[in-house]
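Engineer: Below: sequence and its predicted model.
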There are 2 protein chains.
Amino acid sequence: MTRPVTTAGAPAVKVLPEPADLPAPLPEPGIDELRLETVLGALSDPLRLTIVRKLLLESEDFDHSCGWFGLDRPKSSLTHHFRALREAGITRQRQYGLERRSHVRVEDLDARFPGLLDLVAAWTPQG
Amino acid sequence: MTRPVTTAGAPAVKVLPEPADLPAPLPEPGIDELRLETVLGALSDPLRLTIVRKLLLESEDFDHSCGWFGLDRPKSSLTHHFRALREAGITRQRQYGLERRSHVRVEDLDARFPGLLDLVAAWTPQG
DNA sequence: CATGCAGTACGATTTGAGTCGTACTGATTG
DNA sequence: CAATCAGTACGACTCAAATCGTACTGCATG
């Protein structure tokens, strides 16, 4: 298993050192609305695979804004892909002032599609 | 693990016996050419998910021809989807006389993308 | 309050996938 | 060898997704 474990065991306390009242997440499918074909479709794009993998491997408990990824695409393209991930139920997005930060819905995805995120974490582009 | 290992309930009669020397498989990617994004893309279609799942759960050691699935689509559409699966590396196809039979490349996929086929086997349409 | 900045909205364009009808191929069998 | 049958090839159509430029919104900070 290569994916870093964020919360080992049973965390009774909220881990993220975020403000107690987080901004409400943008609209997203509920855990029981997650559809395998939709999730796989969203992950069938190399750029989105890059985004999710980077979130899985390099995000240190914090959400990340669009710019953090260093993706060489116009902003409108990034909006498109981040929305695709959110609407498929793969990421959750919250508005923090100017920034719209994303993180992977690890718990939900592990519950519904166990093993899937490990495949994403193990993915490497172009090889 | 829900995916069946091999012959669960013994088939009464071996309806389609295979010759000792199998026909050569149709062109397909090698195991080291399998790409996660391509595989996920091929599996992001409900009809193809249905095909692969049915092969995983109901095929008793034998390959199956197009007609076995009982899919209510024109033949040219089926050709399209079966080719998509083969070219993504998910199925292997062999020509048996008139019929072109398919089976899932379980070993290859389990080796490259462990857990993926379990997700497919657990999938249910429309729910 | 004015400026700047993160990101969206909208629309145009392009590309690729799904769908399917029709004509075809190639093996099987009478 | 002719009929049949499984499946393909080809092409047309449709639709959704990717891409991206430009204009916009709304928060933030001086």
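Structural biologist: Happy to help now that I have it.

Engineer: how close does the residue nearest the centre of chain A get to A:G41?
Structural biologist: Nearest to the mean C-alpha position of chain A, by Cα atoms, centre = their mean, lies A:V104 at 2.2 Å. Distance from A:V104 to A:G41, counting by Cβ to Cβ, to the nearest Å: 17 Å. C-betas here are computed from N, CA, C, even on glycine.

Engineer: Please list all residues in contact with A:Q95.
Structural biologist: For A:Q95, the contacting residues are A:P23, A:L26, by Cβ atoms under 8 Å, 6 or more residues apart in numbering or on different chains.

Engineer: in a strand, that's where it is, yeah?
Structural biologist: Yes. Remark: A:Q95 belongs to a strand, assigned using DSSP: H, G, I helix; E, B strand; the rest coil.

Engineer: right, is the helix or strand harbouring A:L57 up against chain B?
Structural biologist: If you go by DSSP states H and E, A:L57 is part of helix A:46-58. Yes. If you take Cβ under 8 Å from any Cβ of the partner chain as the test, helix A:46-58 does meet chain B, through A:P46, A:L49.

Engineer: which residues of chain A fall in strands?
Structural biologist: Ranges of strands in chain A, per DSSP state E, are A:64-65, A:91-96, A:99-104.

Engineer: List the neighbouring strands of the lowest-mean-pLDDT helix or strand in chain A plus their orientation.
Structural biologist: Within chain A, no helix or strand scores below strand A:64-65, which has a mean of 88 by mean pLDDT, DSSP states H and E. The strands beside strand A:64-65 in its sheet (DSSP bridges) come out as strand A:99-104 (antiparallel).

Engineer: Okay, helices next: where are they in chain A?
Structural biologist: Taking DSSP state H, the helices of chain A run over residues A:36-43, A:46-58, A:75-88, A:106-112, A:116-122.

Engineer: want to throw the ones you listed into a markdown table with mean pLDDT, mean neighbour count and distance to B:L116?
Structural biologist: Listed next are these as a markdown table, based on pLDDT from 0 to 100; neighbours: other Cβ atoms under 10 Å in any protein chain shown; distance: least, Cβ to Cβ, whole Å:
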| stretch | mean pLDDT | mean neighbour count | distance to B:L116 |
| --- | --- | --- | --- |
| helix A:36-43 | 98 | 21 | 9 |
| helix A:46-58 | 95 | 19 | 14 |
| helix A:75-88 | 97 | 16 | 17 |
| helix A:106-112 | 97 | 16 | 14 |
| helix A:116-122 | 98 | 20 | 6 |
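
Engineer: Right, I'll call it a day here.
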